[in-house]
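J.: how would this look folded up:
(2 chains)
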Amino acid sequence: QQQVKQSPQSLIVQKGGISIINCAYENTAFDYFPWYQQFPGKGPALLIAIRPDVSEKKEGRFTISFNKSAKQFSLHIMDSQPGDSATYFCAASKAGGTSYGKLTFGQGTILTVHP
Amino acid sequence: GAVVSQHPSRVICKSGTSVKIECRSLDFQATTMFWYRQFPKQSLMLMATSNEGSKATYEQGVEKDKFLINHASLTLSTLTVTSAHPEDSSFYICSAWDRGGYTFGSGTRLTVV
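T.: Below is the predicted model:
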């Protein structure tokens, strides 16, 4: 019940195209859903995050769509650029007291944007 | 924003020796620090959760005597890999929760030869 399933495993997109990565979760207690970008040899960096009280959040070229009833959320990268080529992870966690508990990560998606 | 400083960024050690990895929260107090391990082309796997002033909580299958975690202050948590072996070679990453979300260290590439 703690799993977060992510797809696709890899994605190739042309420059200017839209990249879409999907995640599904089981634990309905999760209430924080972030997306991270990771470059080789670096730690993950937060891209955008959403909480279940909204269905969509947009920050620049990045949009999270959230479907609470389906227990799914997705990342859309508009106007994809070669610099976006990286590994993307979805994750989920739940609040515990005044802080948040451990993150459960998806399996990751290797995005390649061709020029 | 919140910053977690992790050192060293990479280390090579001989089999049987111990290696210490440090994570410092620079501009916030990290009551809880999470330690992850990541193998090539794989996701991050949580190893343990450390709370300031108390014993760490280890995930199932993680040897607590091999991976010693100390969280003696609100700004410093350390992971010591004891008696390291080649199979311990991996990318180790720490993370802490600040008001804006989780902040990750830059990771430590450990190679045991």
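
J.: who in chain A is up against chain B?
T.: A:32, A:34, A:36, A:41-46, A:49, A:89, A:93, A:99-103, A:105-108, A:110 (C-beta under 8 Å from any C-beta of the partner chain). Bear in mind the C-beta positions are built from the backbone N, C-alpha and C, glycine included.

J.: Could you pick out the buried ones from those residues?
T.: Taking 16 or more other C-beta atoms under 10 Å in any protein chain shown as the criterion, what is buried in the residues of chain A next to chain B is A:32, A:34, A:36, A:42-44, A:46, A:49, A:89, A:93, A:100-103, A:105-108.

J.: quick revisit: can you tell me which of the residues of chain A next to chain B end up in strands?
T.: A:34, A:36, A:45, A:46, A:49, A:89, A:99, A:100, A:105, A:110 (DSSP state E).

J.: Run through the bridge partners of the fourth one.
T.: Listed beta-bridge partners, residue A:46: residue A:36 (assigned using DSSP bridges).

J.: wait, it sits on residue A:36?
T.: Yes - look at residue A:46 against residue A:36 with C-beta atoms under 8 Å: they come within range, at 5.9 Å.

J.: Spit out the residues that contact those two alike.
T.: The contact sets of residue A:46 and residue A:36 do not overlap (C-beta atoms under 8 Å, 6 or more residues apart in numbering or on different chains).

J.: how close does residue B:14 sit to residue A:42?
T.: According to C-beta to C-beta, to the nearest Å, residue B:14 and residue A:42 sit 26 Å apart.

J.: What residues sit buried inside stretch A:25-33?
T.: Applying 16+ other C-beta under 10 Å to stretch A:25-33 flags A:25, A:30, A:32, A:33 as buried.

J.: The last one: what's it in contact with?
T.: So the one you mean is residue A:33. Residue A:33 touches A:23, A:25, A:49, A:50, A:51, A:52, A:64, A:66, A:73, A:90, A:91, A:92, counting by C-beta under 8 Å, 6+ apart.
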